[in-house]
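Novice: below is the structure, and that's it, no one-letter string:
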């Protein structure tokens, strides 16, 4: 009996990953809100995790190694979100109203 992973071609996973990554790049380039940019970066990191897991399963045949790569990317993304939200909160406390707009934060002088 074949498993579900063997029935789905690798190209399908790569297509979904490319769509996720493209949406993330579009969000980073078109948004001015810091939280929306952060969410777009998370989309790109999720696309990378999907690629890691898909390639690990299709090249090595072991799901375990792909899951290790995926969990590593998720851990890095969680640390990145924590750090970025901390910076956003700190800017908002120092200057209310400027934390949402990235252009205004870039012009701040400390």
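Specialist: Right, received. Where do you want to start? All of these numbers come straight from a predicted model, not from anything done at the bench. Numbers count the residues shown, from 1 in each chain.
Novice: just how off-centre is the host helix or strand of residue 37 within its chain?
Specialist: Under the criterion of DSSP states H and E, residue 37 resides in helix 34-60. For helix 34-60, the gap between its own C-alpha mean and the chain's C-alpha mean amounts to 6 Å (C-alpha atoms, centre = their mean, to the nearest Å).
Novice: lowest-pLDDT helix or strand in the chain?
Specialist: helix 4-7 (a mean of 56; mean pLDDT, DSSP states H and E).
Novice: next structured bit after that helix?
Specialist: As assigned by DSSP H and E, the chain's next helix or strand after helix 4-7 is helix 10-30.
Novice: show me what that following helix is in contact with.
Specialist: With contacts defined as C-beta atoms under 8 Å, 6 or more residues apart in numbering, helix 10-30 is touched by 36-37, 39-44, 46-48, 50-51, 54-55, 58. Placement of C-beta: from N, CA and C, glycine included.
Novice: give me that answer again for 10 Å
Specialist: With contacts defined as C-beta atoms under 10 Å, 6 or more residues apart in numbering, helix 10-30 is touched by 5, 9, 33, 36-55, 57-59.
Novice: go on, stretch 76-90?
Specialist: Contacts of stretch 76-90 (C-beta under 10 Å, 6+ apart): 33-35, 37-39, 41-42, 44-46, 48-49, 99-100, 102, 105.
Novice: quick one: average confidence on that stretch?
Specialist: Averaging pLDDT along stretch 76-90 yields 86.
Novice: and if you look at stretch 35-51?
Specialist: Averaging pLDDT along stretch 35-51 gives 89.
Novice: list the buried residues for it?
Specialist: Neighbour counts over stretch 35-51 (16 or more other C-beta atoms under 10 Å) mark 37-38, 40-51 as buried.
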